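[1] here you go, sequence then predicted model.
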Amino acid sequence: MADPIHQFQIVKVVDLPDVTIPGVGVVDLAITNSHIAMTLAFAVIVGFLAMVTSRPQVVPGRLQAAGESMFGMIDGLTDSIIGHEGRKYFPFVFTLFTLILAMNILGMFLTFTATSQLAVTVTFAIITFGLVLVVGFAKNGLGFFKLFWPMGAPLLLRPIVGAIEFVSFLLRPVTLALRLFGNMLGGHVALKIFAGFVVSLGALAVGGGMGLLALPVAALSMGMVVALTALEFLVAFLQAFVFAVLACIYLNDVVNLDHAH
């Protein structure tokens, strides 16, 4: 059976000369399978949204209905979690959701899944965390630190609870990155393993004799592949949605900081 981790290895597709950037060092500009997967995801999103908005109709067709449903879902999400200021952050959350969803879904058809790379999920998490910090200080100034001083807790416990809240806040980008990375990595590894069982046991059964006993196990493995594939499509959507929900929750904490306290 092939190495199930091989599908996550970054491979150079087009090798380009390295470039030395002062203060950074040598940068490898080669085009890799990761670059291609992310570029395809971007192209799919742009193409989809262009088709959705090119010929809007009063009675939408299937494509327009799908686009409007996605738009409405994220718009409702930002409005329900962040409140009346949620519309300001809709473009960011919508971009996050569509990019992650496109990478997750394309990973089911390509030989490489961009969101199974920790560097990609960490980048999304750092961008989200950076926006939260910028918005938090821009709207509240030093009052941002009230986020770590729980007024609802007894006075003696506030320093302890505040320290826990502060550590929890710093861990947010870690949990954001690891949740998406772990789900995509684990699902694809499981698919690869069961698919390998189907091929290996099928080849054993072709030999005849006692090898025919492998047929029921191969059939069971095939059933698991089908079930896991359906589950992976669901997980691909859910992980993008969860990332968007958590981004909204973290933004809400700093946007409505005064109301919360």
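    Yep, it's here.

[2] so how many other residues sit close to A247?
    28 (other Cβ atoms under 10 Å). The way it works is simple: take the backbone N, C-alpha and C, and place the C-beta from them, glycine included.

[3] any idea which element it lies in?
    helix 214-255 (DSSP states H and E).

[4] from N252, how far off is S80?
    10 Å (Cβ to Cβ, to the nearest Å).

[5] mean confidence score for stretch 46-55?
    Mean per-residue pLDDT for stretch 46-55: 88.

[6] can I get it as PDB, trimmed to CA atoms?
    These are the backbone C-alpha positions of stretch 46-55, laid out as PDB (Å, rounded to 0.1, in the frame of the first residue of the first chain):
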ATOM      1  CA  VAL A  46     -13.700  34.200  -9.100                       C
ATOM      2  CA  GLY A  47     -15.300  32.200 -11.900                       C
ATOM      3  CA  PHE A  48     -18.200  31.100  -9.700                       C
ATOM      4  CA  LEU A  49     -18.900  34.600  -8.400                       C
ATOM      5  CA  ALA A  50     -18.500  36.100 -11.900                       C
ATOM      6  CA  MET A  51     -21.100  33.700 -13.300                       C
ATOM      7  CA  VAL A  52     -23.400  34.300 -10.300                       C
ATOM      8  CA  THR A  53     -23.400  38.100 -10.700                       C
ATOM      9  CA  SER A  54     -23.000  38.400 -14.500                       C
ATOM     10  CA  ARG A  55     -26.700  38.000 -15.300                       C
END
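
[7] that stretch: which residues count as buried?
    Buried residues in stretch 46-55, defined by neighbour count with 16 or more other Cβ atoms under 10 Å: 48, 52.

[8] returning to what we had before: S80 and N252: who's more crowded?
    N252 (21 against 11).

[9] that one touches H84, doesn't it?
    No. Using Cβ atoms under 8 Å, N252 is not in contact with H84; the gap is 11.6 Å.

[10] how confident was the prediction at L246?
    94.

[11] could you shift the numbering so residue one becomes 38, and keep it that way?
    With 38 as the first residue, the last one maps to L283.

[12] leaving out sequence neighbours, find the closest residue to it.
    Leaving aside its sequence neighbours, L283 sits nearest to L213 (Cβ to Cβ, 6 or more residues apart in numbering; 6.2 Å).
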